[in-house]
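S.K.: Below are the sequence and a predicted model for it; my questions follow.
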Amino acid sequence: MANINNIVKNVNIFRKSFTFADKDVTKWFPGHMHKGMQQMLNRLKKVDCVIEIRDARIPISGNNPKFSGLLRARPHLLILNKADLCDMEQKETVLQALRNDGIEEILWTNCKEQFPQTIKVNLIPTIMKLIDTHPRYKRTELSEYNVMVIGVPNIGKSSFINAVRRTHVQKGKATPVGAKAGITRSVMEKIKVSADPKIYIYDTPGVLAPEVKNINTGMKLALCSCLQDHLVGEDLIVDYMLFWLNKHKKFQYLKVFGLTEPTDDVLVLLNHVAQKNNKFSKRRSIDSNQGRIVYRPDFTAAANIILQKFRSGELGPIMLDSKIKAD
Ligand SMILES: Nc1nc2c(ncn2[C@@H]2O[C@H](COP(=O)(O)OP(=O)(O)OP(=O)(O)O)[C@@H](O)[C@H]2O)c(=O)[nH]1
Ligand SMILES: [Mg+2]
C-alpha cells in the first residue's frame, strides 16, 4: 500500500471543492412532510417542551431552518443522536458552535444501545428543568407533561422515543423504526415514556427544508441517509463521500475496500468494489457484438456496499461539519 504519510503531505492531488451540473441537490418535500409540519404546529398548544434531534455527524448541516418557529415557541432541548458514528474529538468545537447559535441544552445519545446512559441519567431532569425554568409556558393544571420530538428524516426520532420508553417504563417498541428516510409519516398519538414524572412524547415525521440550495449541505444530508438514496443517486453520494474523505485525510477506506492507493475518481472506486464483490449487471450489447449478452460492473450495487460501510461506521468515526459551517 502507498505510504499514507506521503499521501497526506501531498493532498494537492485531491479535489478542493465538490461540484456537479445540477445544483438543486435536494428538493424532496413530499406531501406527508408538508402535512406533518402543519400537524406539528397545530399540536404545539398541547406541548410543554420540544426536543429537536439531529444526527451528531451533521450538527449544523442537519438543521432545518423551518423549525425555528416551533423551537422558539417552547423550551428546547437538542439531542445529537448517532453519537456512536461521530468523531467525538470535535465535541467541544461543536458545542461552542451550537451555543453561538443560541442553543443551550445539548445531550448526545446512541439509541442503538439498550439503555443509553444519557437517557437513563440526564434526560428527564433536563426536560423538567427546562419546563420549570420557563414558567411562561407552564400550563396551570400540569400533572403530566407533553413533549414533541422533531427533526429531519432518519436521524433516530422514533428510535429515541423507544429507547426512552424502554429505559423508563420498561415497555417495548411503540413506534416503528427503519433504515430508510420517511418511516414515520404523520404526527403520532402520544406515547408514555415516564411514570414519575408522567411524561408523554409525540413522534413526528422527519421534515426537510422544502429546498436545500447549498450543495455541501444537501450532499451531507444525503450521505447520512436523510434523503432516499435514489433521489440523489447512489453514485453521486459515493462521489461526495470520496471527495470528503480525501479532503479530510480519512484514508481508512483503503484498508476496508482493499485499495493500494487513494483515488479521487469515483468510477475507479465503484469499479474496484464491483469487481471485488462480484457485482455485475447483464446487458445486451448494442455495438459490434451484435446483441450478445455482456457483463458490466454494477455501479449501483457497488455504491450500496460502499454506503453501507460508511453508514455503519466502518470507515471510521465522522464529523461532516468539521471546522463547522459550510465546507
Ligand atoms: N448507529 C446508530 N443508528 C441509529 C441510532 N438511532 C437510530 N439509528 C438507526 O437509524 C435509522 C433510523 O431510525 P428511526 O428511528 O426510524 O429514525 P426517524 O428519525 O424516526 O426516521 P423517520 O421516521 O423516517 O423520519 C434506523 O436504522 C435506526 O436503527 C444511533 O444512535 N446510532
Ligand atoms: Mg420515525
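M.R.: Yep, that arrived. Ligands and ions are numbered 1, 2, ... in the order given.

S.K.: from here on, contacts and neighbour counts on C-alpha atoms
M.R.: Fine.

S.K.: Which segments of the chain make up each domain?
M.R.: Following the assignment in automatic domain parsing, the chain carries domains at 4-23+212-311, 31-202.

S.K.: Ligand 1: which of these is closest?
M.R.: The closest of the domains of the chain to ligand 1 is domain 31-202. By C-alpha to the nearest ligand atom, the value is 3.3 Å.

S.K.: For the stretch 51-200 of the chain, give me the ranges with low pLDDT.
M.R.: For the stretch 51-200 of the chain, applying pLDDT under 70 flags the ranges 135-142.

S.K.: before we move on, the earlier item: turn the domains of the chain into a markdown table, columns for distance to ligand 1.
M.R.: Listed next are the domains of the chain as a markdown table, based on distance: least, C-alpha to the nearest ligand atom, whole Å:
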| stretch | distance to ligand 1 |
| --- | --- |
| domain 4-23+212-311 | 8 |
| domain 31-202 | 3 |
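
S.K.: so can I have JSON lines of these showing mean neighbour count and distance to Leu320?
M.R.: Compiled in JSON lines, these are given as follows (neighbours: other C-alpha atoms under 10 Å; distance: least, C-alpha to C-alpha, whole Å):
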{"stretch": "domain 4-23+212-311", "mean neighbour count": "17", "distance to Leu320": "7"}
{"stretch": "domain 31-202", "mean neighbour count": "18", "distance to Leu320": "6"}
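
S.K.: Quick one, which of these gets closest to Ile318.
M.R.: Closest of those to Ile318 is domain 31-202, at 4.7 Å (criterion: C-alpha to C-alpha).

S.K.: before we move on, the earlier item: Throw the domains of the chain into a markdown table and include distance to Ile318, thanks.
M.R.: What follows is the domains of the chain, written out as a markdown table (distance: least, C-alpha to C-alpha, whole Å):
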| stretch | distance to Ile318 |
| --- | --- |
| domain 4-23+212-311 | 9 |
| domain 31-202 | 5 |
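
S.K.: Show me the one of those domains that comes nearest ligand 2.
M.R.: domain 31-202 (4.0 Å; C-alpha to the ion).

S.K.: any residues touching the helix or strand hosting Gln308, and which ones?
M.R.: Using DSSP states H and E, Gln308 maps to helix 299-311. Identification of contacts with helix 299-311 by C-alpha atoms under 8 Å, 6 or more residues apart in numbering yields 85, 223-224, 234-235, 238, 270-271, 273-274, 277, 279, 315-316.

S.K.: can you put the domains of the chain in TSV and add distance to ligand 2?
M.R.: As requested, the domains of the chain are exported to TSV (distance: least, C-alpha to the ion, whole Å):
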stretch	distance to ligand 2
domain 4-23+212-311	11
domain 31-202	4
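
S.K.: just checking, what packs against whichever strand or helix holds Met241?
M.R.: Using DSSP H and E, Met241 sits within helix 234-247. Helices and strands touching helix 234-247, by 3 or more C-alpha pairs under 8 Å, 6 or more residues apart in numbering; DSSP states H and E, are helix 215-223, helix 266-276, helix 299-311.

S.K.: want to throw those helices into JSON lines with mean pLDDT and distance to Leu77?
M.R.: Below are those laid out as JSON lines (pLDDT from 0 to 100; distance: least, C-alpha to C-alpha, whole Å):
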{"stretch": "helix 215-223", "mean pLDDT": "94", "distance to Leu77": "21"}
{"stretch": "helix 266-276", "mean pLDDT": "97", "distance to Leu77": "39"}
{"stretch": "helix 299-311", "mean pLDDT": "98", "distance to Leu77": "25"}
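
S.K.: Thanks again, I'm all set now.
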